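S.K.: What follows is a predicted structure for the sequence shown.
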Amino acid sequence: MSKYLVTGGAGYVGSVVAAHLLEAGHRVTVLDDLSTGFREGVPAGAEFVEGQIQEADKVLDGSFDGVLHFAASSQVGESVADPEKYWRNNVAGSLELISAMRAAGVRKLVFSSTAATYGEPEAVPIAETARTAPTNTYGATKLAVDHLITSEAVAHGLAAVSLRYFNVAGAYGSYGERHDPESHLIPLVFQAALGQRPHIAVYGDDYPTPDGTCVRDYIHVADLAEAHLLALDAAKPGEHLICNLGNGSGFSVREVIESVKRVTGREIPVQVAGRRAGDPAVLVASAARAHETLGWTPRRPNLDEIVADAWTFTLAKNGR
Ligand SMILES: NC(=O)c1ccc[n+]([C@@H]2O[C@H](COP(=O)([O-])OP(=O)(O)OC[C@H]3O[C@@H](n4cnc5c(N)ncnc54)[C@H](O)[C@@H]3O)[C@@H](O)[C@H]2O)c1
Ligand SMILES: O=c1ccn([C@@H]2O[C@H](COP(=O)(O)OP(=O)(O)O[C@H]3O[C@H](CO)[C@@H](O)[C@H](O)[C@H]3O)[C@@H](O)[C@H]2O)c(=O)[nH]1
């Protein structure tokens, strides 16, 4: 049994990973400023500290075996409109956290990186060796933190793993996605299915893809959580391992909408809108490195099952 600090553990992915850590018998402290997360998202059994990663030195001490770092600002559009917020929260915040870890002698880190570090891919599926040329500030700040972690591993022996998520989806029991405002496709399609928005806007149907809409690699949040536990075991002092997490298969926006129709049995009004700035046509992961080095295999690759778990969570959240 180990003791971990989970930054951002009141948010979507962090709450699911915190729940998995507790189920595996570990002790968990969540540090979250509730800027986009929810107090009730913190799993029962975790200690909760309301505060910022910039003040992690007040929480961290030698009793912790490692940190799982989810806390970040993560909206692509906002990052372009307000870059200083992203450099401050994601980069300066992570720098303070990593300094506090070193001061407290906490020498293991698992970091939430992103497919957005790659930008427009030169080839798909995308491997970790691909060029990193982010097309937005969010991706640039996450890439900067990856570089920071590499240098910390080299200079000070940090044991680190960055996990580059592709499109996280689904839910895990009572833990799921509830961003406000929502920007992710599947929860937005649910809002259209529930009549909470008049339609789902499809951002562009003139991409060079089979049906003209963007293709993404949707990965179940519980599969993602399992990879974090494996990453904690795989982390080695002085090394920074970077692994993509995805299923390796892509679904178009229209295919996602069809899946939501099948799962919910509801009509979904669709309106084709213009392209959203900065959207690559296709993002699909090669997760070969995660398979080989972490021993990770996603167990829930079926899109309808991913959507069904998210739908069950959404209905419960809406009191239906
Ligand atoms: N959801 C995805 O599809 C996706 C894809 C790739 C990467 N990621 C990354 O995964 C991580 C989690 O994403 P999510 O979707 O769960 O986001 P989220 O917004 O639901 O969770 C982030 C949490 O961090 C907290 N937080 C933000 N800044 C903080 C600070 N300075 N100090 C303390 N707490 C702070 C928020 O209150 C929130 O609870 C993020 O780092 C994100 O960049 C997410
Ligand atoms: O109302 C909407 C919302 C989205 N989309 C499209 O749906 C796809 C998925 O969009 P979204 O759910 O917003 O995810 P992405 O923009 O692909 O970004 C997610 O996945 C990236 C990795 O692929 C991560 O880096 C980001 O953090 C995460 O938000 C994209 O083609 C969007 O253009 C629409 O057509 N209509």
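M.R.: Good, I have the coordinates. Numbers count the residues shown, from 1 in each chain. Ligands and ions are numbered 1, 2, ... in the order given.

S.K.: Would you mind measuring from the closest residue to residue 266 other than its chain neighbours to ligand 1?
M.R.: Sequence neighbours aside, residue 193 is the residue nearest to residue 266 in space, at 4.3 Å (criterion: CB to CB, 6 or more residues apart in numbering). Heads up, the C-betas are built off the backbone N, CA and C, glycines and all. According to CB to the nearest ligand atom, to the nearest Å, residue 193 stands 20 Å off from ligand 1.

S.K.: Read off the pLDDT value for residue 193.
M.R.: pLDDT for residue 193: 97.

S.K.: give the contact list for it.
M.R.: 260-261, 264, 266-268 (CB atoms under 8 Å, 6 or more residues apart in numbering).

S.K.: can we see that at 7 Å?
M.R.: Residues in contact with residue 193 (CB atoms under 7 Å, 6 or more residues apart in numbering) are 260, 264, 266, 268.

S.K.: ok, now residue 223?
M.R.: 298-300.

S.K.: Mind checking which of the contacts of residue 193 land in helices?
M.R.: 260, 264 (DSSP state H).

S.K.: And for residue 216, the neighbour number?
M.R.: Neighbourhood size, residue 216 [other CB atoms under 10 Å]: 24.

S.K.: same deal with residue 84?
M.R.: 9.

S.K.: Bridged to residue 219, which residues?
M.R.: residue 168 (DSSP bridges).

S.K.: Pretty sure it sits against residue 245.
M.R.: Yes. Contact status for residue 219 versus residue 245: in contact at 5.8 Å, counting by CB atoms under 7 Å.

S.K.: Spit out the residues that contact these two alike.
M.R.: 165-166.

S.K.: what's in contact with the helix of greatest length in the chain?
M.R.: Counting by DSSP H, the longest helix found in the chain is helix 137-156. Helix 137-156 is touched from outside by 74, 76, 79-80, 83, 86-87, 90-91, 94-95, 98, 102, 109, 111, 113-114, 116-117, 119, 132, 134, 158, 160, 162, 238-240, 242, with contacts defined as CB under 7 Å, 6+ apart.

S.K.: same check, this time on stretch 254-261
M.R.: Residues contacting stretch 254-261 (CB under 7 Å, 6+ apart): 185-186, 189-190, 193, 200, 211, 213, 268, 270, 303-304, 307.

S.K.: Type out the PyMOL command that picks the buried ones from the residues you listed.
M.R.: Buried members of these, identified by 16 or more other CB atoms under 10 Å, are gathered into one PyMOL selection as follows:
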select buried, resi 185+186+189+190+193+200+213+268+270+303+307
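
S.K.: tell me the two of the contacts of stretch 254-261 that are most distant?
M.R.: Greatest spacing in the contacts of stretch 254-261, by CB to CB: 190 and 211 (21.0 Å).

S.K.: Report whether stretch 203-222 contacts ligand 2.
M.R.: Yes. Using CB under 6 Å from any ligand atom, we find that stretch 203-222 touches ligand 2 at 203, 214, 216.

S.K.: Please give the number of neighbouring residues around the second one.
M.R.: When counting by other CB under 10 Å, one arrives at 25 neighbours for residue 214.

S.K.: ok, which of the contacts of helix 137-156 also contact ligand 1?
M.R.: Within the contacts of helix 137-156, those near ligand 1 by CB under 6 Å from any ligand atom are 74, 114.

S.K.: related to what we said a few turns ago, how about the contacts of residue 223 in a markdown table, adding secondary structure?
M.R.: Output for those, formatted as a markdown table (DSSP: H, G, I helix; E, B strand; the rest coil):
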| residue | secondary structure |
| --- | --- |
| 298 | coil |
| 299 | coil |
| 300 | coil |
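
S.K.: all strands of the stretch 51-200 of the chain, in order?
M.R.: 66-69, 108-114, 159-165, 167-169, 200-203 (DSSP state E, counting those that start in this stretch).

S.K.: ok and the third one relative to strand 108-114, angle-wise?
M.R.: This means strand 159-165. 20 degrees (axes from the mean of the first three to the mean of the last three CA atoms, to 10 degrees).

S.K.: from the strands of the stretch 51-200 of the chain, which stretch is densest packed?
M.R.: strand 66-69 (a mean of 27; mean count of other CB atoms under 10 Å).

S.K.: Provide the contact partners of that strand at residue level.
M.R.: 2, 4-7, 17, 94, 97, 101, 106, 108-112, 228, 232.

S.K.: Each with direction, which strands does that strand pair with?
M.R.: Applying DSSP bridges, one finds strand 66-69 paired with strand 3-7 (parallel), strand 108-114 (parallel).

S.K.: now residue 269: how far from ligand 1?
M.R.: 25 Å.

S.K.: residues near the closest residue to that residue other than its chain neighbours, how many?
M.R.: What sits nearest to residue 269 in space, not counting adjacent residues and going by CB to CB, 6+ apart, is residue 199, at 3.8 Å. Residue 199: 14 surrounding residues under other CB under 10 Å.
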